[in-house]
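**Q** Model the following, please.
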Amino acid sequence: MKHTDYNQVRQLAVNIMTDDKKMIQLIGDLDAELKKLEGSFIDDGIESVEAYVKGLEAKLLNAQEAFMIIANELKAYADMLERGKG
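**A** Model prediction:
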């Protein structure tokens, strides 16, 4: 079972941290691309898009601590599983 295989639990923790970093990088890339587009927008629609991107970025940054806690708890669980198998 996945939840008792310490290697898979540890890999899940790594994946959470990797995906979290990737999401932060992608939102940064999106913000940079948005700044490039600002000059070409004719209407005020860019403000709505910018507000959405900034809101999403804030939510992801606020979730950082939760992602780290989950990943660390999974690592600790994997360590316990590994000790129990040895």
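**Q** give the contact list for G55.
**A** G55 is in contact with no residue at all, counting by CB atoms under 8 Å, 6 or more residues apart in numbering. (C-beta placed from N, C-alpha, C; glycine too.)
**Q** Mind checking the pLDDT average for the one helix or strand it maps to?
**A** Using DSSP states H and E, G55 maps to helix 45-85. Helix 45-85 comes out with an average pLDDT of 90.
**Q** now it, how far from the centre of its chain.
**A** Taking CA atoms, centre = their mean, to the nearest Å, the mean C-alpha location of helix 45-85 is offset from the chain mean by 5 Å.
**Q** Stretch 11-31 now?
**A** How far stretch 11-31 lies from its chain's middle: 4 Å, per CA atoms, centre = their mean.
**Q** Next, the angle from the helix or strand where K22 lies to helix 45-85.
**A** K22 is part of helix 6-38, with elements assigned from DSSP H and E. Counting by axes from the mean of the first three to the mean of the last three CA atoms, to 10 degrees, helix 6-38 lies at 170 degrees to helix 45-85.
**Q** heads up, I number from 50, so please use that
**A** Yes, from this point I'll number from 50; that puts the last item at helix 55-87.
**Q** List the buried residues of helix 55-87.
**A** For helix 55-87, the neighbour count (16 or more other CB atoms under 10 Å) marks 55, 58-59, 61-62, 65-66, 69, 72-73, 76, 83 as buried.
**Q** same deal with stretch 113-128?
**A** Neighbour-count burial for stretch 113-128, counted by 16+ other CB under 10 Å, picks out 116, 119-120, 123-124, 126-127.
**Q** neighbouring contacts of that stretch?
**A** 55-56, 58-59, 61-63, 65-66, 69, 73.
**Q** Need the residue closest to the centroid of this protein.
**A** By CA atoms, centre = their mean, the mean C-alpha position of the chain lies nearest to D69, the distance being 2.1 Å.
**Q** List the residues that contact that residue.
**A** 112-113, 116-117, 120.
**Q** swap in E99?
**A** E99 makes contact with 83, 87 under the criterion CB under 8 Å, 6+ apart.
**Q** Now with 7 Å, please.
**A** By CB atoms under 7 Å, 6 or more residues apart in numbering, the contact list for E99 reads L83.
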